[in-house]
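# Model the following, please.
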Amino acid sequence: MNHVLITGGSRGIGKELVGLFARNGFKVSFIYNRSATAAEAIVKQLQEEGFQVFAHQCDIADEAAVKALFKANKEELSDVDVLINNAGIVGTARPFLLTTGKDWWEIVHNNIGGVLNFTKNVLPTMIRNKGGRIINVTSLSGLKGNPGMSAYASSKAAISAFSKSLSKELKGTGIIINCVAPGFIATDMTKDVTDAYYQQRMSNSVAQRMGTTEEAANLILYLAKDAPAYLVNQEIVLDGGIL
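Numbering: from 1, shown residues only. I've put the predicted structure just below:
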């Protein structure tokens, strides 16, 4: 049985991923930070359906905490062959000059730190097993920028560059790294957007609607399970054709 580790698994795209991977035959471990009640409900439901699903609380940006998590759960996490770095924060949208340095760096540290910490702890197992797949969730903002979101966009662009560089370092190991860059997806992060902003985004979209968590999760499952090994070191955009 393949084993997937998903960060940010208690809501949004991450929650969709947990259920989808479990129902596709994966053992699933997922990480949450503050949403303990939601995480426990996910585990309870899926375990009652007969699936192997485990949840762990961890601050993904805390290097020591992530290292301790892997040490304390060595037996469970010793066979991870798919890592999905999904967790991240957007922060409050503000023009760059009105954003404090503390707030800006908190977003960057959280988003990049989580990817670095989990990748570093999973890689030794993948290298030893001569294979594995890592999917890093980036963002259309990291490719095109987004006003009021310079820290978020910068962090996602950095994850993309990290992924491409690491993929080249791991040449010959059998480890495949790709990124998925979602656009405007219907999640908790987008539920409070104004009508004006929504209409503006839709006017520039071929699909004329938000994407769904199901669509994002299905793409990530494909990359983790069925995509050819020749599909490597790519950042795949899922944005409904935003112009």
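# what about the longest strand in this structure?
In the chain, with assignment by DSSP state E, the single longest strand is strand 175-182.
# Give me the helices and strands touching that one, please.
helix 101-128, strand 132-137, helix 140-144, helix 150-169, helix 213-225, strand 235-238 (3 or more CB pairs under 8 Å, 6 or more residues apart in numbering; DSSP states H and E). To be clear about C-beta, it is placed using only N, CA and C from the backbone, and glycine gets the same treatment.
# roughly how far out does that strand sit from the chain middle?
Centroid separation between strand 175-182 and its chain, computed with CA atoms, centre = their mean, to the nearest Å, is 9 Å.
# cool, stretch 217-234 as well?
Taking mean C-alpha positions (CA atoms, centre = their mean), stretch 217-234 and its chain are 14 Å apart.
# again with stretch 110-130
On the basis of CA atoms, centre = their mean, stretch 110-130 sits 13 Å off its chain's mean C-alpha point.
# quick one: buried residues of it?
With burial defined by 16 or more other CB atoms under 10 Å, the residues of stretch 110-130 counted as buried are 110-119, 121-123, 125-126.
# pLDDT at the residue most central in space within the chain, what is it?
Centroid check for the chain by CA atoms, centre = their mean gives residue 86 as the closest residue, at 1.2 Å. The model reports residue 86 with a pLDDT of 98.
# State the distance from residue 103 to residue 93.
Distance, residue 103 to residue 93, using CB to CB, to the nearest Å: 11 Å.
# hmm, I was thinking of residue 167
Counting by CB to CB, the gap from residue 167 to residue 93 is 31 Å.
# Just want to know which of the two has more residues nearby.
Legend: neighbour count by other CB atoms under 10 Å for residue 167 and residue 93, higher for residue 167 (19 against 14).
# So that one is in contact with residue 177, correct?
Yes - counting by CB atoms under 8 Å, residue 177 is a contact partner of residue 167 at 4.3 Å.
# what do those two both touch?
Shared contacts of residue 167 and residue 177, defined by CB atoms under 8 Å, 6 or more residues apart in numbering, are found at 232, 233.
# With only the CA atoms kept, save the longest strand of the chain in PDB.
The C-alpha atoms that make up strand 175-182 are tabulated as PDB, following Å, rounded to 0.1, in the frame of the first residue of the first chain:
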ATOM      1  CA  ILE A 175      12.300  10.900  -7.000                       C
ATOM      2  CA  ILE A 176       9.800  12.900  -9.100                       C
ATOM      3  CA  ILE A 177       9.000  16.500  -8.000                       C
ATOM      4  CA  ASN A 178       6.200  18.600  -9.600                       C
ATOM      5  CA  CYS A 179       4.200  21.600  -8.600                       C
ATOM      6  CA  VAL A 180       0.500  22.500  -9.000                       C
ATOM      7  CA  ALA A 181      -0.400  26.200  -9.200                       C
ATOM      8  CA  PRO A 182      -4.100  26.600  -8.500                       C
END
